[in-house]
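Provide a 3D model corresponding to the input given below.
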Amino acid sequence: MNSKLIASAAVALATCAAMADVMDRPQGIKIGQRMTLRPYVSLSYTYDSNVDSTKHSKAGSQWCVNPGVALEYLDDNWKLVGTVYYQYHAYNRYVNQLNSSSYGEDLTFDWTNSKADEAGWRAMFTETFQQVAQDDDMSNHGGRGIGRDRKEFTANGAIERRLNAYWHAGVIASYYYLDYDNDVNKYATLYGWKRATAGFEGGYAPTKWTDFIVQATYQWYDQDNSEKRPSTDLRHIDSDSRGITLMGGLASHATEKITYRVLGGWSRFKYGGGADTMNGFTYQASSQWKVNDTFSLMFLGSSYYQPSERYYGTATKVYSASLGAAKSWVRGKVNTGLDFCYRRESTEYTEISDADYDEDIWTGRFRVNYTINRFVSVFGSIEYQNEKSSGHRIGGNLYDYDRFRGTIGLRLTY
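All right, here's what the predicted structure looks like:
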């Protein structure tokens, strides 16, 4: 079962994954024969042309201190990989924004009792928790979340049974939690939400190049902050929603160096306890091309329905796509990454006239890392983001903005 099955929405991680594949990892601290710890700390400076991501921009800058530790445990038939980190942001010459902290952790577990394409079992589990500051990343950590302080938790699991070289079947489950730190003295309320998903996936692979897949999932959503509904006219709209998705498609290898997964199908989303029902085509797509040992490309894309984060009584359909490239130079000492991300949020249902609009967000990033030795590296990045809104929103395109960020930093790793 391809790992993109349980991570297809994380479109902004395309270049991160590709870049990690071509970078020489530090040796770390060995504990026994199987465990490795890799502690690190970085110091960086960032200039931001639009700290609040608003139409009337205010420039600012910040210093960021980021300590953390990565863990890797490799057994004969399973592995465990994780990271814990903390970030402290100190602002310069921007008195309207207080200093802030971010922290988080992630964990990935992968177990199998058979070789590829042989009969056996495979289990995978990933989870991530983040306290996200609004200035952490213009990509908003995987394309989810409007740029404001928030908590995010994601858990994904899959168990697959490969019956033989041709047939396989499995169950999948996931949970996502988004909670905004709403300061009503400064901002209008944002509406986080929870989503739980359970489903089944089966496939038939007549050759090693082709795997025909079918997938069925059921989703449950709960839009929080429902007690802060903007109007008594919306009291008939419940906080919970339901969804069903049926998909089919292809996966496996196009060549020895190209892997892919493309699913498309139909989704039915029943918002607000039946306030409105939406039906439409949705998709999942991912592909990775390892051109050679130093160059790789990756594509990720998806579409899905969700409750709005800005308005109660509103549901949106999200389309996202990301293309990334990573290249290693000078015998692995210089690593570069380039990616382009697109996200569209289309209002599918609303009972608020101000909420009847669509958003298009484009983000481009270039990053470079130079490894001086196994302990010290320097890095830099350039990011640009543009957002445009269109539709029937009263008062003009309030959310339109441009944003540029430049970062330089030093990283120490053991």
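
for this structure, what spans make up the helices?
In the chain, the segments counted as helices under DSSP state H are 14-22, 140-143.

worst average pLDDT in these?
Ranked by mean pLDDT, the helices of the chain bottom out at helix 14-22, with a mean of 39.

apart from its neighbours in sequence, what residue is nearest residue 358?
residue 346 (4.7 Å; CB to CB, 6 or more residues apart in numbering). For the C-beta atoms, the positions are set from N, CA and C on the backbone; glycine is no exception.

you'd agree that neighbour is up against residue 316?
Yes: counting by CB atoms under 8 Å, residue 346 does reach residue 316; the two are 6.2 Å apart.

tell me the pLDDT of residue 64.
93.

if you could redo that for residue 50, that was the one I meant.
The predicted local confidence for residue 50 is 83.

could you double-check that it sits in contact with residue 59?
Yes: judged on CB under 8 Å, residue 50 makes contact with residue 59 at a distance of 7.1 Å.

more neighbours, these two?
residue 50 (20 against 12; other CB atoms under 10 Å).

tell me who's in contact with that one.
57-59, 401-404 (CB atoms under 8 Å, 6 or more residues apart in numbering).

how close does it sit to residue 386?
Using CB to CB, to the nearest Å, we find residue 50 at a distance of 11 Å from residue 386.

any shared contact partners between those two?
Overlap of the contact sets of residue 50 and residue 386 (by CB under 8 Å, 6+ apart) consists of 401-403.

right, and residue 413 touches residue 27 too?
No: if you go by CB under 8 Å, residue 413 and residue 27 don't touch, sitting 9.4 Å apart.

show me which of these two is the more surrounded one.
The residue with more neighbours, out of residue 413 and residue 27, is residue 413; 20 against 12, by other CB under 10 Å.

in contact with that one, which residues?
With CB under 8 Å, 6+ apart, residue 413 has these contacts: 26, 38-40, 374-377.

which among those end up buried?
The neighbour count (16 or more other CB atoms under 10 Å) marks 26, 38-40, 377 as buried among these.

cross the residues you listed against strands and list the overlap.
Assigned to strands by DSSP state E, the following of the buried ones among the contacts of residue 413 qualify: 38-40, 377.

buried sites along stretch 235-254?
237, 239-241, 243, 245, 247, 249-252.

next: stretch 54-67.
Those would be 57, 60-62, 64, 66, for stretch 54-67 by 16+ other CB under 10 Å.

thinking again about what came up before, tabulate the ones in strands among the buried ones among the contacts of residue 413 (TSV), appending pLDDT and distance to residue 276.
Shown next, in TSV, are these (pLDDT from 0 to 100; distance: CB to CB, whole Å):
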residue	pLDDT	distance to residue 276
38	94	49
39	96	51
40	96	48
377	96	51
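
what residues are up against residue 109?
Contacts of residue 109 (CB under 8 Å, 6+ apart): 78-80, 123-126.

closest to residue 169 out of the residues you listed?
residue 123 (13.7 Å; CB to CB).

in this structure the closest one contacts residue 159, no?
Yes: contact criterion CB under 8 Å: residue 123 and residue 159 qualify, at 5.0 Å.

picking up where we left off before, from the ones in strands among the buried ones among the contacts of residue 413, pick the one nearest residue 363.
residue 377 (24.3 Å).

bridging residues for the closest one?
Residues in a beta bridge with residue 377, per DSSP bridges, are residue 371, residue 411.

show me the contacts for it.
369-371, 410-411, 413.

please redo it, this time with the cut-off set to 6 Å
Counting by CB atoms under 6 Å, 6 or more residues apart in numbering, residue 377 makes contact with 369, 371, 411.

what do you get for residue 172?
Counted by CB under 6 Å, 6+ apart, residue 172 has contacts 158, 199, 201.

of these - the most surrounded one?
residue 158 (22 neighbours).

surely it meets residue 124?
Yes: counting by CB atoms under 6 Å, residue 124 is a contact partner of residue 158 at 4.9 Å.

low pLDDT regions in the stretch 51-200 of the chain?
Applying pLDDT under 70 to the stretch 51-200 of the chain picks out residues 93-98, 117, 135-145, 147, 184, 186.

which parts of it are strands?
In the stretch 51-200 of the chain, the strands defined using DSSP state E, counting those that start in this stretch lie at 60-74, 78-92, 100-112, 120-132, 150-162, 167-180, 193-207.

need those in JSON lines with distance to residue 262, can you?
Listed next are the strands of the stretch 51-200 of the chain as JSON lines, based on distance: least, CB to CB, whole Å:
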{"stretch": "strand 60-74", "distance to residue 262": "31"}
{"stretch": "strand 78-92", "distance to residue 262": "27"}
{"stretch": "strand 100-112", "distance to residue 262": "23"}
{"stretch": "strand 120-132", "distance to residue 262": "20"}
{"stretch": "strand 150-162", "distance to residue 262": "18"}
{"stretch": "strand 167-180", "distance to residue 262": "17"}
{"stretch": "strand 193-207", "distance to residue 262": "13"}
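
how many neighbours does residue 302 have?
Neighbours around residue 302, by other CB under 10 Å: 22.

quick one: it and residue 285 touch, right?
No: with contact defined as CB under 6 Å, residue 302 does not reach residue 285; the gap is 7.2 Å.

what sits against residue 243?
219, 269.

now it: how far from residue 109?
Distance from residue 243 to residue 109, by CB to CB: 27 Å.

and what of residue 363?
Taken as CB to CB, the span from residue 363 to residue 109 is 30 Å.

now do residue 91
For residue 91 relative to residue 109 (CB to CB), the value is 38 Å.

same check on residue 126?
For residue 126, the distance to residue 109 - CB to CB - is 8 Å.

next, show the common contact partners of these two.
Counting by CB under 6 Å, 6+ apart, residue 126 and residue 109 have no common neighbour.

bridge partners for residue 109, pull those for me.
residue 80, residue 125.

excluding chain neighbours, what is closest to residue 163?
residue 119 (6.2 Å).

circling back: now, of the contacts of residue 109, which are buried?
80, 123-126.

return the member of the residues you listed nearest to residue 339.
residue 126 (20.9 Å).

coming back round to it: pull out the buried residues from the contacts of residue 377.
Buried among the contacts of residue 377 (16+ other CB under 10 Å): 369, 371, 411.

between the residues you listed, which is nearest residue 213?
When the buried ones among the contacts of residue 377 are compared against residue 213 (criterion: CB to CB), the nearest one is residue 369, at 36.0 Å.

quick one: contacts for the closest one?
Residue 369 touches 335, 377, 379, counting by CB under 6 Å, 6+ apart.
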